[in-house]
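Q: the following block contains a protein sequence and its predicted model.
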Amino acid sequence: MKKQLIGLLLGSIAGVIDVIPMLLQKLSWDANLSAFSMWLVVGFFIASVEFKINPIIKGILIALMVLFPSLILIAWKEPFSVIPICIMTTFLGALLGLAIHKIAK
């Protein structure tokens, strides 16, 4: 359980990092809460899942898999926002995978 708590804590930090630019763009609160909660789930899953792969790749894969259902809705209304969202998700997923791996050892 300690590893999952570390995942939730680091996921909340990633959520704050992701939401800061969204606040600056004055996006809606539902979008901000959705992004923040996604990172809590991603942190928990990265800490819980035992893939025998590089932790950076593990973080990217899990982050993109969790994002995918929302990305369909986002792409339907705002297709040009998909690229920056995927870049941020890849970057934060990689960092979160590595950080959870290093701290939870």
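A: Thanks, I have the structure now. Numbers count the residues shown, from 1 in each chain.
Q: which element is the nearest residue to residue 81 once chain neighbours are set aside on?
A: Of all residues beyond its chain neighbours, the one nearest residue 81 is residue 74 (6.1 Å), with distances taken as Cβ to Cβ, 6 or more residues apart in numbering. C-beta coordinates here come from the backbone N, C-alpha and C atoms, glycine included. Residue 74 belongs to helix 55-77 when assigned by DSSP states H and E.
Q: what average pLDDT does that helix get?
A: Mean pLDDT, taken over the full extent of helix 55-77, equals 95.
Q: how about residue 81, phi and psi?
A: Dihedral angles phi and psi of residue 81 (degrees, to the nearest 10) take the values phi -90, psi -10.
Q: typo on my end, it should be residue 19
A: phi -80, psi -30.
Q: buried stuff in the host helix or strand of residue 83?
A: Following DSSP H and E, the helix or strand that holds residue 83 is helix 82-103. Taking 16 or more other Cβ atoms under 10 Å as the neighbour-count basis, helix 82-103 is seen to contain the buried residues 85, 88-89, 91-101.
Q: now the residue nearest the centre of the chain, nearest residue through space, not along the chain?
A: Nearest residue to the geometric centre of the chain (Cα atoms, centre = their mean): residue 39, 3.9 Å. For residue 39, the nearest residue in space outside its immediate sequence neighbours is residue 15; the separation is 3.5 Å by Cβ to Cβ, 6+ apart.
Q: which helices and strands does the helix or strand hosting the one you found pack with?
A: When secondary structure is defined using DSSP H and E, the element that contains residue 15 is helix 2-24. Under the contact criterion of 3 or more Cβ pairs under 8 Å, 6 or more residues apart in numbering; DSSP states H and E, helix 2-24 touches helix 29-48, helix 82-103.
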